[in-house]
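Asks: Provide a 3D model corresponding to the input given below.
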Amino acid sequence: MQHPSQKFNQFQLIMLLVAFIFGILFFIRPGFSFFLLFLVYALAGSFVFEGLAHQSRNHMPPFIIQMIRAGLLVIFGTILFFY
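Replies: Below is the predicted model:
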């Protein structure tokens with residue numbers, strides 16, 4: 001039987017793979033800047049899943065840090081994209 005945080009770790013790796021794919025697509029087609037925004041959102045999703053893995057193990061300080069990191073990445077990434 002696997003630990004509940006194992007599923008969050010798998011989702012984290014999937015989000016990192018998605019971010020990598022969006023990064024490759026952005027380098028292939030730099031005119032499509034929304035790929036860069038999706039890359040930032042995928043990285044934020046990766047941070048969220050990492051934080052949820054910490055939360056499922058009852059490690060609250062790393063969970064809070066990862067949630068703050070993900071929130072700041074989404075906020076500033078969106079602001080910079082639309083600026």
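
Asks: Can you list the low-confidence ranges for the chain?
Replies: Counting by pLDDT under 70, the chain shows low-confidence ranges at 1.

Asks: longest helix anywhere in it?
Replies: Longest among the helix segments of the chain by residue count, using DSSP state H, is helix 4-28.

Asks: In that one, which residues are buried?
Replies: 5, 8-9, 11-12, 15-16, 18-19, 22-23, 25-26 (16 or more other CB atoms under 10 Å). Any C-beta I mention is one placed from the backbone N, CA and C, and that applies to glycine too.

Asks: would you turn those residues into TSV with distance to Ile64?
Replies: Below are these laid out as TSV (distance: CB to CB, whole Å):
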residue	distance to Ile64
Ser5	16
Phe8	16
Asn9	18
Phe11	19
Gln12	17
Met15	19
Leu16	21
Val18	24
Ala19	22
Phe22	27
Gly23	28
Leu25	32
Phe26	31
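
Asks: Give me the neighbour count for Leu36.
Replies: 18 (other CB atoms under 10 Å).

Asks: ugh, typo on my part, it should be Ser56
Replies: 16.
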